[in-house]
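**Student:** Have a look; sequence and predicted model below, questions after that.
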Amino acid sequence: MSHEGIRFGSADDVEREDQPRLVGDAIRPAKVSVDKSGGTGVVIEWKDGHRSSWNFAWLREACPCATCHEERGKEGRAPGAAKPKSAALLPMYEAPPRPVEVTPVGNYALKFKWNDGHEAGLYSWDYLRNVCDVEVRKQGAK
């Protein structure tokens with residue numbers, strides 16, 4: 001069986017092939033703040049001076065686990081884009097995404113246990129920084 005022409009990688013990697021991936025100090029956090037009790041989200045100050053912030057709803061929709069990644073790919077959604085709402089007459093109330101637990105994973109990632117029970121994704125520093133400003137970098141490349 002030939003694997004010629006088959007490339008392994010995420011849709012995000014393929015989508016950003018024309019964009020340089022950030023490396024070095026750009027993906028090393030100097031300071032990480034998670035406001036779990038206030039519910040505002042995550043702020044990371046990177047060693048290269050950039051500052052990133054995400055709310056919890058965005059982070060939940062950007063889960064990098066294989067299941068969430070595949071679901072976004074099938075629906076054509078970018079990381080962080082909300083799932084389409086059903087056209088039901090009376091939609092069920094859904095609590096906003098909030099982490100029940102946030103755990104550092106070594107020196108390279110954060111792991112969230114979400115209030116909907118999901119906890120499979122590891123949000124690596126590399127992933128977070130590279131999804132942070134994809135749109136900014138795309139605009140700069142034009």
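**Tutor:** Nice, thanks for sending it over.
**Student:** Distance check, the most centrally placed residue in the chain against K85.
**Tutor:** Residue closest to the average C-alpha location in the chain (CA atoms, centre = their mean): A62, at 3.7 Å. Distance, A62 to K85, by CB to CB, to the nearest Å: 18 Å. Where C-beta positions appear, they are placed from N, C-alpha and C, glycine not excepted.
**Student:** next structured bit after the longest helix belonging to the chain?
**Tutor:** In the chain, with assignment by DSSP state H, the single longest helix is helix 66-75. Moving toward the C-terminus from helix 66-75, the next helix or strand (DSSP states H and E) is strand 99-105.
**Student:** Let me see the ranges of the helices in the chain.
**Tutor:** 11-15, 56-61, 66-75, 125-132, 134-141.
**Student:** what packs against the fourth one?
**Tutor:** The contact analysis (3 or more CB pairs under 8 Å, 6 or more residues apart in numbering; DSSP states H and E) places helix 125-132 against strand 41-46, strand 51-54, strand 109-114.
**Student:** can you redo those as JSON lines with mean neighbour count, distance to T67 and mean pLDDT?
**Tutor:** Listed next are those as JSON lines, based on neighbours: other CB atoms under 10 Å; distance: least, CB to CB, whole Å; pLDDT from 0 to 100:
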{"stretch": "strand 41-46", "mean neighbour count": "18", "distance to T67": "21", "mean pLDDT": "96"}
{"stretch": "strand 51-54", "mean neighbour count": "15", "distance to T67": "20", "mean pLDDT": "95"}
{"stretch": "strand 109-114", "mean neighbour count": "18", "distance to T67": "13", "mean pLDDT": "97"}
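**Student:** Out of those, flag the one nearest R77.
**Tutor:** Minimum separation from R77 across those (CB to CB) falls at strand 51-54, 15.9 Å.
**Student:** Go ahead and produce PDB holding the CA coordinates of that closest one.
**Tutor:** The C-alpha coordinates for strand 51-54 follow below in PDB (Å, rounded to 0.1, in the frame of the first residue of the first chain):
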ATOM      1  CA  ARG A  51       0.100  39.700  24.900                       C
ATOM      2  CA  SER A  52      -2.700  37.200  24.100                       C
ATOM      3  CA  SER A  53      -6.100  36.900  25.700                       C
ATOM      4  CA  TRP A  54      -9.000  34.500  25.200                       C
END
